[in-house]
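**Q** let's see this in three dimensions:
(2 chains)
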Amino acid sequence: MIKQFTLMVESGKNRFGEQEGFETIEIRSGDTLAIVGPTGSGKSALINDIETLAQGDSITGRRVLINGQEPPESFVREPAFKPIALITQNTRCLADLSVEEFLLMHIRARKPGREDLLEETMNLANTFTGESISLKSRMSGLSGGQTRSIMIADALVIGDTPILLLDEIENAGIFKDRVIQSLQRGNKAVILVTHDPYLALTADRRIVMRRGGVASVIESTGEEQQLIEDLALIEDRLHQIREKLRQGASFSSVSAKVLMAPARQSLQLNRL
Amino acid sequence: MKLLIIAGPPSGGKTAVIRQVIKNLPEGSLPAFLKIDVVHATEDQELAEEFNIPVKKIYSGDICPDHMGILVLDDALRWAESLSRNILIIESAGLCLRCTPYTTYSLGIAVISAISGTNSPLKMAPLLALADVAVVTKTDLVSQAEKEVFRESIRKVVPEIDIVETNAIQGTGLRYLMRRITEHPDIGPDQIKLRGAPPLGVCTVCIGKKEIGWKNHFGVIRPLDMPEPLYRGD
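**A** Below you'll find the model as predicted:
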């Protein structure tokens, strides 16, 4: 599998046939890009174009090149050679298989002979999810969050590709911070569709979608650093409250004040 | 003339694939379309209106639609030829999945949806095993891992088959199918025969006689332009 690469997206057209607001987007190892925009603005279509390494044959007409060239057919058609893993929005898996059978079949497709990856995948998946998953569970019987956890662990361990595409990972009640930490290991290029302000702002670049096409690409300049720090505080508070709620807690007016105090203070300071 | 035979279970996306195929045929292609179904189908009219191509439809009623397809196939080829067409697309209703509608000279395309269950390729063995290409549709509805596991399941049945994954509504990934169709040769001089034997039954198609055309068969038969099937033989 290739390790050194540049992925290049060449612009296509939006839903109204207008040229997109960029010429090319280059993506290298270690880059993080966020795709933002309202629902229906073409976010998933963009990552699908990247996943299928479109050559002007999708509805947008975009082309996706690797190292400046049309990628070999095996990159598109043979999972064992595919440099891209995609985690879609689907939180259901319809495969009529146990978790063990499913993962072993995927290992056969992606990494033949590496059955040892099964355990590592399960261990990682279980760090993302609240209620642990067993090898004998049916894929179709897992919860949305459990399915998502398996798919992310599968992409990281069994796929282990240099390019990772994620479609709204924040929506399944999994431990987002642990997922992000895992994604950042291994110098991968990570492209994520997100509605989460913190994830969007911490990316190196933001791709803004509108009317089925890319409207603009915003480079992070450091000016948003303060906002990121504020959001990190709020995120932290939210996380604490969320976890307490999940454990069955209830809050008095005093405890709520205490929980939110540091975030309030920091926000007031910034306003001054 | 080129012959495309497209089969697969109901609601697998056969018509969506055909629509994309017709839309993307190379210049100079003159397609004709034959739809074989049991009691109801509207695809023929839809395709005729959308692409302004000659279409024909046949209802098989009490008879297996794949048997019906075999009986009328040579009439249909002559019909398409008489209209100076150079590609005949046949969509089979594909119900019991034990028949293999593919013939010599044809490009056999099995259409299966990615959401039809991991074991479905095993259940439709001959329909898949004797095809040239397996088109997996609705891949936008499943995760990448699931799509790849489904592919592995097809490979279990037919290790060498050409697999094309698509969201046929959008047409993604079909460039590989179009290339295969473009490169596929015209029908040659020898008599067209079925690739596999249909299951045991009561007419001469059922018992394994592979000739196409009702003139070569006994039992319940039907020419293309006859409204009702008829019985031929003792």
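**Q** any stretches of the chain with poor pLDDT?
**A** Let's take chain A. For chain A, the stretches flagged by pLDDT under 70 are A:1-3, A:171-173, A:256, A:259-260, A:262-272.
**Q** try chain B instead
**A** For chain B (pLDDT under 70), the answer is B:94-96, B:98, B:198-202, B:206-207, B:234.
**Q** can you check which helix is longest in it?
**A** helix B:65-82 (DSSP state H).
**Q** so which bits of that one are buried?
**A** Buried positions in helix B:65-82, judged by neighbour count with 16 or more other CB atoms under 10 Å in any protein chain shown: B:65-77, B:79-80. (C-beta placed from N, C-alpha, C; glycine too.)
**Q** of these, which is the nearest to chain A?
**A** For these, the minimum distance to chain A (CB to the nearest CB) is 26.1 Å, reached by B:Asp66.
**Q** now the residue lying closest to that closest one once chain neighbours are set aside: how far from B:Leu25?
**A** Excluding the flanking residues, the one nearest B:Asp66 by CB to CB, 6 or more residues apart in numbering or on different chains is B:Cys99, at 3.6 Å. Per CB to CB, to the nearest Å, B:Cys99 is found 27 Å from B:Leu25.
**Q** who's more crowded, those two?
**A** Higher neighbour count among B:Cys99 and B:Leu25: B:Cys99, with 27 against 19, using other CB atoms under 10 Å in any protein chain shown.
**Q** surely that one meets B:Pro126?
**A** Yes: shown here, B:Cys99 and B:Pro126 form a contact pair, counting by CB atoms under 8 Å, at 7.3 Å.
**Q** surely A:Glu70 and A:Gly56 touch.
**A** No: counting by CB under 8 Å, no contact exists between A:Glu70 and A:Gly56, whose distance comes to 10.1 Å.
**Q** need the overlap of contacts for the two.
**A** With contacts taken as CB atoms under 8 Å, 6 or more residues apart in numbering or on different chains, the residues that reach both A:Glu70 and A:Gly56 are A:Arg63.
**Q** just the element for the most centrally placed residue in chain A, please.
**A** Central residue of chain A (CA atoms, centre = their mean): A:Leu166, 2.5 Å from the mean position. Secondary structure assignment for A:Leu166, by DSSP states H and E: strand A:163-167.
**Q** if you look at that strand, does any of it touch chain B?
**A** No: using CB under 8 Å from any CB of the partner chain, strand A:163-167 never reaches chain B; the gap is at least 8.5 Å.
**Q** output the contacting helices and strands for that strand.
**A** In terms of contacts (3 or more CB pairs under 8 Å, 6 or more residues apart in numbering or on different chains; DSSP states H and E), strand A:163-167 is packed against helix A:43-51, strand A:84-87, strand A:189-193.
**Q** which helix or strand lies directly C-terminal to the shortest one?
**A** Put plainly, it is strand A:84-87. Next along from strand A:84-87, by DSSP H and E: helix A:99-110.
**Q** next, see if that following helix gets close to chain B.
**A** Yes: applying CB under 8 Å from any CB, one finds helix A:99-110 touching chain B at A:Phe102, A:Met105, A:His106, A:Arg108, A:Ala109, A:Arg110.
**Q** ranges for the helices of the chain?
**A** Looking at chain A here, since you left the chain open. Here chain A has its helices, by DSSP H, at A:43-51, A:73-77, A:99-110, A:117-128, A:144-153, A:176-184, A:197-202, A:225-246, A:253-271.
**Q** that was the other one, I meant chain B.
**A** According to DSSP H, chain B carries its helices in the segments B:14-24, B:43-51, B:65-82, B:120-123, B:125-129, B:144-157, B:175-183.
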